[in-house]
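>>> attaching a predicted model along with its sequence, questions to come.
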Amino acid sequence: MFKHYRLISGCWIFLLFSLPHAAAADEVQLRNGDRLTGEIVSMEKELLVLKSEIVEERLSIELKDIVCIRSRRKLPAVFKNEEMVIGTLSCPEDGMIAIDSENLGNLPPLALSRLQSINPSTYSGFFNLGGELNRGNSNTSAGNFESKFMVRTHKHRFTVDITHNFGETNGEVTIRNSSGSLKYDFFSGEKVYSYAQSLNEQDPFANLNLRNTDGLGMGYQFSETRKLNLFVELGISFFNEDVIIGDDKRIAAGRWAVGFDWEFVPRRIWVYHHEEGYYNFEEKTYVMKSDQGVRIPLRDNFSLNFEVDYRINSAPQAGDRNSDMRAIFGLTYNYAYW
């Protein structure tokens with residue numbers, strides 16, 4: 001009997017240690033007393049993103065609603081004095097945060113309000129696909145592709161933007177244009193920055209074989225928060241326009257740009273406007289392009305996008321229209337990584 005008891009006990013012990021154990025999870029405690037567990041994805045611009053264990057989706061939590069943060073793995077944490085420490089996060093008391101760093105040891109607790117970001121992204125961007133399809137009296141199809149990639153550090157910002165539009169009606173190409181830009185910003189202060197920029201555009205249906213601009217200027221970042229990103233820029237550019245029919249232009253032109261991304265309804269509706277223009281002081285003419293639209297988040301990193309693109313040339317070549325407008329429905333995928 002005793003041998004059987006030892007055998008059964010041994011089997012139970014073996015099974016107990018053989019069962020899979022749940023991995024230790026990060027924990028976020030809210031001001032109302034709730035505790036959420038999962039994996040801390042990031043915390044930026046006073047918004048913490050937690051990949052929940054229970055509902056298998058990402059939860060967005062305002063920093064003002066959090067009193068404690070604990071992590072079971074090493075995470076990079078950046079404070080408002082721009083100091084970054086990598087280690088496990090703990091909560092000695094409500095409203096405080098402590099970090100156990102492998103290199104620096106246990107650091108003195110700090111107020112949670114001094115925390116700027118956790119696992120911050122240094123590069124981000126998006127892919128946008130849109131278009132339309134009509135069949136019947138008129139067979140029309142059109143497509144749009146746009147991609148933006150941005151690297152951001154405390155002093156530097158590098159941006160690449162690519163756009164291509166294509167369309168045809170009854171088998172005949174009616175839309176084909178593309179643009180690509182490179183831009184570097186250097187922040188000499190928290191708000192003020194200088195930039196170097198290059199833009200190339202091509203649109204044969206607007207009599208444009210190639211337009212290239214290279215320039216320098218200054219910018220002011222009014223806001224760069226999660227709720228509002230607002231900037232304005234002024235500068236001078238070398239303007240080179242090669243047209244299919246007519247006279248080419250090689251001049252110096254003034255450049256302006258303004259843009260904003262505004263969280264109109266928190267985590268529900270985004271509104272944006274981006275505008276860039278060039279003014280010819282000799283001929284007192286200008287060209288300008290603007291993109292404005294509404295973005296509605298769907299799930300995870302996907303969102304529904306409606307955009308209106310507007311282009312204007314105040315002095316087009318003979319027979320050409322001075323403006324173009326295009327409405328685009330599409331699907332956007334956003335990404336951001338540390």
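Looks like it arrived, so ask away.

>>> is it true that Glu276 touches Ser237?
No: with contact defined as CB atoms under 8 Å, Glu276 does not count as touching Ser237 (10.2 Å). In short, each C-beta sits where N, CA and C put it, glycine included.

>>> where does the prediction get shaky in this structure?
Within the chain, the segments meeting pLDDT under 70 span 1-24, 56, 132-139, 317-320, 337-338.

>>> one more time with 50
1-22 (pLDDT under 50).

>>> center of it, which residue is that?
Central residue of the chain (CA atoms, centre = their mean): Gly125, 4.5 Å from the mean position.

>>> just confirm it is within a strand.
Yes: using DSSP: H, G, I helix; E, B strand; the rest coil, the secondary structure at Gly125 is a strand.

>>> which residues touch the nearest residue to it once chain neighbours are set aside?
Closest residue to Gly125 apart from its sequence neighbours, by CB to CB, 6 or more residues apart in numbering: Phe149 at 4.0 Å. Taking CB atoms under 8 Å, 6 or more residues apart in numbering as the criterion, Phe149 is in contact with 123-125, 159-161.

>>> which of those are buried?
Buried members of the contacts of Phe149, counted by 16 or more other CB atoms under 10 Å: 125, 159, 161.

>>> what secondary structure does the nearest residue to Glu275 once chain neighbours are set aside sit in?
Leaving aside its sequence neighbours, Glu275 sits nearest to Ser290 (CB to CB, 6+ apart; 4.1 Å). Following three-state DSSP, Ser290 is assigned to strand.

>>> list the contacts for Glu53?
Taking CB under 8 Å, 6+ apart, we find Glu53 in contact with 25, 37-38.

>>> who wins on neighbours among these?
Neighbour counts for these peak at Gly38, which has 20 neighbours (criterion: other CB atoms under 10 Å).

>>> packing partners for the helix or strand where that residue lies?
Using DSSP states H and E, Gly38 maps to strand 35-44. For strand 35-44, the elements it packs on are strand 26-30, strand 47-52, strand 58-62, strand 115-118, judged by 3 or more CB pairs under 8 Å, 6 or more residues apart in numbering; DSSP states H and E.

>>> please give the centre-to-centre distance between the first one and its chain.
By that I understand strand 26-30. Mean-position distance between strand 26-30 and its chain equals 26 Å (CA atoms, centre = their mean, to the nearest Å).

>>> name every strand pairing with it and say which way it goes.
Paired neighbours of strand 26-30 in the sheet (DSSP bridges): strand 35-44 (antiparallel), strand 66-70 (antiparallel).

>>> repeat for the third one
For strand 58-62, the paired strands and their directions (DSSP bridges) read strand 47-52 (antiparallel).

>>> with just CA atoms, put the partner strand into CSV.
Taking C-alpha atoms only, strand 47-52 is exported to CSV below (Å, rounded to 0.1, in the frame of the first residue of the first chain):
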residue,chain,number,x,y,z
LEU,A,47,-0.4,57.1,-23.5
LEU,A,48,0.6,53.6,-22.4
VAL,A,49,-0.1,50.7,-24.8
LEU,A,50,-0.6,47.3,-23.1
LYS,A,51,-1.0,44.0,-25.0
SER,A,52,-3.6,42.4,-22.7
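
>>> roughly how far apart are the residue nearest to Glu275 and Glu276?
For Ser290, the distance to Glu276 (CB to CB, to the nearest Å) stands at 8 Å.

>>> okay, these two: which has more neighbours?
Glu276 (19 against 16).

>>> buried residues in the host helix or strand of the more buried one?
Element membership for Glu276, per DSSP H and E: strand 269-280. In terms of neighbour count (16+ other CB under 10 Å), strand 269-280 has its buried residues at 270, 272, 274-280.

>>> now render the contacts of Glu53 as a markdown table, adding distance to Leu129.
Below are the contacts of Glu53 laid out as a markdown table (distance: CB to CB, whole Å):
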| residue | distance to Leu129 |
| --- | --- |
| Ala25 | 35 |
| Thr37 | 36 |
| Gly38 | 30 |
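
>>> and the residue lying closest to Lys227 once chain neighbours are set aside, how many neighbours does it have?
Leaving aside its chain neighbours, Lys227 sits nearest to Glu263 (4.5 Å; criterion: CB to CB, 6+ apart). Using other CB under 10 Å, Glu263 is surrounded by 16 other residues.

>>> element containing Glu263?
strand 249-265.

>>> closest to Val85 among the contacts of Phe149?
Nearest to Val85 among the contacts of Phe149: Tyr123, at 21.2 Å, using CB to CB.

>>> if I pick the closest one, what's in contact with it?
Contacts of Tyr123 by CB under 8 Å, 6+ apart are 149-152, 336-337.

>>> do Pro108 as well
Contacts of Pro108 (CB under 8 Å, 6+ apart): Ala98.

>>> likewise for the one 5 residues further on?
Counting by CB under 8 Å, 6+ apart, Ser113 makes contact with Gly95.

>>> ok, it to Asn165 distance?
On the measure of CB to CB, Ser113 and Asn165 end up 46 Å apart.

>>> using PDB, list the CA coordinates for stretch 63-72.
Extracted in PDB, the C-alpha atoms of stretch 63-72 (Å, rounded to 0.1, in the frame of the first residue of the first chain):
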ATOM      1  CA  LEU A  63      -0.800  58.100 -18.000                       C
ATOM      2  CA  LYS A  64      -2.900  60.300 -15.800                       C
ATOM      3  CA  ASP A  65      -5.100  57.200 -14.900                       C
ATOM      4  CA  ILE A  66      -2.000  55.100 -13.900                       C
ATOM      5  CA  VAL A  67      -0.600  54.900 -10.400                       C
ATOM      6  CA  CYS A  68       1.800  51.900 -10.700                       C
ATOM      7  CA  ILE A  69       3.800  50.300 -13.400                       C
ATOM      8  CA  ARG A  70       5.700  47.000 -13.000                       C
ATOM      9  CA  SER A  71       7.600  45.000 -15.600                       C
ATOM     10  CA  ARG A  72       9.000  41.500 -15.600                       C
END
